[in-house]
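K.L.:
Attaching a predicted model along with its sequence, questions to come.
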Amino acid sequence: MEKLVVRYTINGRPHEAYIPPNRTLLEVVRDELRLTGAKEGCGTGDCGACSMIVNGRLVTSCLMLAPQADGAEITTIEGLAQDGQLHPVQQAFIEKGAVQCGFCIPGMILAGKALLDRNPQPSEHDIRDAISGNLCRCTGYTKIVEAISAAAASNGA
Amino acid sequence: MATFTTVGKPITRVEGTHKVTGDSVYAADVQLPGMLHCRLLRSTHAHARITRIDTSKAQALEGVERVVTATEMPKVEARRLSNRGYNLLADDEVVFAGQPIAAVLAEDASVAEEAIELIEVEYEPLPVVLDPIAAMAEGSPLARKPVSDIDRSEARGHVTVNVEEKESGKPSNVASQARFSRGDIEQGFAEADVVVERTWRSAMMHQGYIEPHATVADYDAASGELTLWTATQGQFFVRDQVSSILQIPETKVRVVGLELGGGFGGKISLVQPLIGALARLVGRPVKHVFSRADDLIGATPSPQCVVELKTGMRKDGSLTAIQSKVVYDSGAFPGAPAVVGGILIGGYYNFPNLEIEAFEVLTNKVSVGAIRAPGAHNVTFAIESHMDMMARQLGLDPLDVRMKNAVGKGDEMPSKQKYPSIGMKECLAAIAQSDVWRSRGEPREVDGKRRGTGLAIGGWPGGLQPASAYVELNGDGTIKVVVGANDITGTNTSFAQIAAEELGVPLEMISVTTGDTKTAPFAGMSAGSKTLFTVGRAVKAAAEDARQQLFAIAAERLEANPDDLASAGGAIRVKGSPDKSIPFRRLGGITTGFGALHPPVVGRGAITARQQAPGFTAQACELEVDTDTGEVTLLRWATAQDAGLAINPLSVEGQMQGGSTQGIGIGLWEEMLYDDQGRLLNPGLLDYRMPTALDVPNIETQIVEVPSEDGPYGARGVGEPSIIPGLAAIANAIEDATGARVTEAPLTPERILRAMGKL
């Protein structure tokens, strides 16, 4: 299979990879660029563990072919903390006990951030709706909803 | 009651920052130089003889390093093949669809996947046995060759019961059976004013951890040492399995249990011995990550179960008798929780007369393993439905009849073992005060939907296994705690709290590390709700030992009696003389520096637990049923659970909420569906439907604290009970709402409409 070059801006920094065109964005980011925060939980877009923000939209990166995202601005979980300061959603997840095994958490936090970026004061239903594509098996979601809600409140303050 | 400084406080996870920044390392994140990627060819037949395997086309594909079949695997004694772990690659006969037959090792995973398709296998089909009840019948074809020499060491890590299973004499699909009796069963039913008799079915379901199984293995030929980085709840168990299957001494097997993306009983040891064997064979590191389909088809799900149950109650609500036959479908290898199922179904309430039989039956499905409280939700569905049905027929309150018959300390389980201190009644009392239960009204219609409220309890005996820990003083006065238990539920945070409490230092001075199997002191698997219960006790003992050593040194330095010392705020002080003190930093220096006069402070804790601390929970829910479509919407959920003493209430609440939600999934959606040839019909997360954030309400928690005899500070295990009552509570609420009793789980719209007589 003839390889090709893909270029992305990930968390504000340029990256490029030389890859077979059948690779997914998730595979390239994890295996070639070694940003392993995004996880593969299903490979079929059903669990949301691979969520990334691509050109401002939350995507399941296991379903996106790497060349489709060529030239994109991408935010992964590694890019949320700034200068050692956690993003309010990250901070709230720790404080509210919303983190258990942690495997869904990178995707879950990005889903929360994407929501607050477009709707800074979401209702409980808005939050549940926004994370309904992200499966968590440990928490039962209650503390995750509380965390996103608390992050929204701290933003508004 | 004792007051604590750090224990009992809602402390955030010690590893929380790593988990929110993506820095935590899980097994699939490990990448080694020269690493090969492995994919497994899995059987497409549920029961067949393999007549030919041709790997030549796969071997010829560019990027394929090696294609491996059973001929290159270590030879195993025939009697061992009853144990799934020893079946590395199928040799002659396959016994479930999904059983590994060949492994491809390639430069990348997608090449390996492509090569799998090129392997040709010819099968000679054998009779496929799928229904456990039919499989028990005289004359049923055998699902596999007769089993012998069953290794139950893994199952015993989850629950420890003092009953020996009887293994069958003549060839049969019944792998084991247990029988419990008490009193006179005929007399018991004769005394009853109401007798309910039904058959209850619950589906095979998956633990549903979001991280699929993953292992990286590397063999060092020079030293003969095999290292495995893997997703496991029990790294020492993996070590023991790998050692005995691959015949490598335990000193030369290093298992590194990395951050674990959920286990729920399903991640103990599975393909680690195979991946280790492959790495040894090719002399390069080998990585194997399950696809979600691999995990649904070929891991160790929770068993299907059929319960025949007959129970009797007097008009005053007292129970007279229970008779039950509990059948678990074990799949193709033994390992179903028959004994504990038999104990639980007759062990929540005091039945004067009892006759219970429990069976573990082999079929040609993937073999089952542990789940959070293995086997418990299946039998609880039956007994907790009966409690409601009998109360309803007698016009009694469902909570009152439970309270009246609930077991307490000193009462006997069907196995004749006596309960130690337990909190079942206290959980019932707490749920009685929940908003969900207090505000329940008559079943009512709202917007054309029927609303109802339901309640159920669940209990889990818990496991026992020895554990050990070290607590050491560093040169700068900070404290190092080393354990061998894999942290899945926040246990390392709780261990830090315990060490801080015992040493009288701030939490920030403690660092807890889970070592690997070559460096860590032994711990049993993190399963059976026993990590905090056993390893927590070891940490407490090690911290007490370290404190004694510290006090002896401080006493010498401060010219005081050790009994007159107290530790607080990072220094040891003479009570009543505030200016006579020595900080931990100084103690670190004088026990580790050049020419130091005192030996290093190394506390050792090693314990064995002889008595379990069973955990109980009561849960209540309010829901509505669309009587046209059968669809259920959950409105409110409350749970009360006995934690003994909640060392970290934040973690305990998390366990209660997460388990409740898994129970909801079992209740409403989760079911592994097989075709008539034993092939899984829903091997993906779109069709194997787990609860999303939109499916569940907020879970309200109430922690109950009835101290256990043996747990640290009275704590008891909290991981498992929370998954148990959900299914039954929903079934009871559905009957409350609609008058219809559904006897098969999950409680799907179709089954609800059928029970309502609408289909």
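P.N.:
Received it, and whenever you're ready, just let me know what you need. Numbers count the residues shown, from 1 in each chain, chains lettered A, B, ... in the order given.

K.L.:
B:Met389 versus B:Glu442, what's the distance?
P.N.:
For B:Glu442, the distance to B:Met389 (Cβ to Cβ, to the nearest Å) stands at 18 Å. All C-beta atoms are positioned from the backbone trio N, CA, C, and that covers glycine.

K.L.:
Please name the nearest non-neighbouring residue to the residue in the stretch 51-200 of chain B that chain A sits nearest to.
P.N.:
Residue nearest to chain A within the stretch 51-200 of chain B: B:Ser110 (6.8 Å; Cβ to the nearest Cβ). Distances taken as Cβ to Cβ, 6 or more residues apart in numbering or on different chains place A:Asn22 nearest to B:Ser110, at 6.8 Å, with adjacent residues excluded.

K.L.:
Helix or strand for that neighbour, just tell me which one.
P.N.:
Here A:Asn22, judged by DSSP states H and E, is contained in no helix and no strand.

K.L.:
Please give me every residue in contact with it.
P.N.:
A:Asn22 makes contact with A:Met1, A:Leu65, B:Ser110 under the criterion Cβ atoms under 8 Å, 6 or more residues apart in numbering or on different chains.

K.L.:
And for B:Ser722?
P.N.:
For B:Ser722, the residues meeting the contact criterion (Cβ under 8 Å, 6+ apart) are B:372, B:458, B:617, B:619, B:639, B:641, B:655-660, B:662-663.

K.L.:
In contact with the residue of the stretch 351-500 of chain B found nearest chain A, which residues?
P.N.:
With Cβ to the nearest Cβ as the measure, the residue in the stretch 351-500 of chain B that lies nearest chain A is B:Ile488; the distance is 6.2 Å. Contact analysis of B:Ile488 by Cβ under 8 Å, 6+ apart lists A:Gln100, A:Cys101, B:Gln233, B:Leu260, B:Gly262, B:Gly263, B:Ser526, B:Thr531.

K.L.:
likewise A:Ile109?
P.N.:
Contacts of A:Ile109 (Cβ under 8 Å, 6+ apart): A:Ile77, A:Leu80, A:His87, A:Val89, A:Gln90, A:Phe93, B:Val20.

K.L.:
ok but the residue of the stretch 51-200 of chain B closest to chain A is inside a helix, no?
P.N.:
Yes - remark: B:Ser110 belongs to a helix, assigned using DSSP: H, G, I helix; E, B strand; the rest coil.

K.L.:
Could you check the pLDDT of it?
P.N.:
B:Ser110 carries a pLDDT score of 93 in this model.

K.L.:
Equivalent analysis for A:Glu32, please.
P.N.:
Value for A:Glu32, per-residue pLDDT: 94.

K.L.:
Can you give me the neighbour number for it?
P.N.:
Residue crowding around A:Glu32 was assessed by other Cβ atoms under 10 Å in any protein chain shown; the count is 16.

K.L.:
Kindly report the same for B:Arg636.
P.N.:
Going by other Cβ under 10 Å, the residues that sit close to B:Arg636 add up to 19.

K.L.:
Now it, what are its backbone angles?
P.N.:
Backbone torsions for B:Arg636, taken as degrees, to the nearest 10, come to phi -150, psi 150.

K.L.:
Thought B:Glu622 was touching it, still the case?
P.N.:
Yes - the pair B:Arg636 and B:Glu622 qualifies as a contact (Cβ atoms under 8 Å) at a distance of 4.4 Å.

K.L.:
Which neighbours do these two have in common?
P.N.:
Taking Cβ under 8 Å, 6+ apart as the contact definition, B:Arg636 and B:Glu622 share the neighbouring residues B:Val436.

K.L.:
domains in the chain, as residue ranges please.
P.N.:
All of this refers to chain A. Segmentation of chain A into domains, based on automatic domain parsing, reads A:4-79, A:88-156.

K.L.:
hmm, I had chain B in mind actually
P.N.:
Looking at automatic domain parsing, the domains of chain B come to B:16-23+B:464-607, B:33-126, B:305-463+B:611-755.

K.L.:
Give me whichever of the ones you listed is most buried.
P.N.:
Mean neighbour counts were taken over the domains of chain B using mean count of other Cβ atoms under 10 Å in any protein chain shown, and the top value, a mean of 23, falls to domain B:305-463+B:611-755.

K.L.:
Now do it: distance to the chain's middle.
P.N.:
16 Å (Cα atoms, centre = their mean, to the nearest Å).

K.L.:
For the stretch 401-550 of chain B, which residues are neighbours of chain A?
P.N.:
Neighbours of chain A within the stretch 401-550 of chain B, by Cβ under 8 Å from any Cβ of the partner chain: B:Ile488, B:Thr489, B:Gly490.

K.L.:
err, the stretch 151-300 of chain B, not the other one
P.N.:
With Cβ under 8 Å from any Cβ as the criterion, the stretch 151-300 of chain B meets chain A at residues B:207-212, B:259-262, B:264, B:289, B:291-292.

K.L.:
So of these, which two are at opposite extremes in space?
P.N.:
When these are compared pair by pair using Cβ to Cβ, the farthest-apart members prove to be B:Glu259 and B:Ser291, with a separation of 20.3 Å.

K.L.:
wait, A:Glu124 sits on A:Thr142?
P.N.:
No - the pair A:Glu124 / A:Thr142 is not scored as a contact, 10.4 Å apart, by Cβ under 8 Å.

K.L.:
Can you pull the residues that touch both of the two?
P.N.:
Taking Cβ under 8 Å, 6+ apart as the contact criterion, the residues that touch both A:Glu124 and A:Thr142 are B:Asn698.

K.L.:
quick one, which of these two is more surrounded?
P.N.:
More neighbours surround A:Thr142 than the other of A:Glu124 and A:Thr142, with 26 against 14 (other Cβ under 10 Å).

K.L.:
quick one: which of the contacts of B:Ser722 is nearest to chain A?
P.N.:
If you rank the contacts of B:Ser722 by distance to chain A using Cβ to the nearest Cβ, B:Gln657 comes first, at 3.7 Å.

K.L.:
Give me the pLDDT value at that closest one.
P.N.:
According to the model, B:Gln657 scores 98 on pLDDT.

K.L.:
ok, so what distance separates it from A:Ile131?
P.N.:
Counting by Cβ to Cβ - B:Gln657 and A:Ile131 are separated by 15 Å.

K.L.:
just B:Gly139 next, same as before
P.N.:
Between B:Gly139 and A:Ile131 the distance is 53 Å, computed by Cβ to Cβ.
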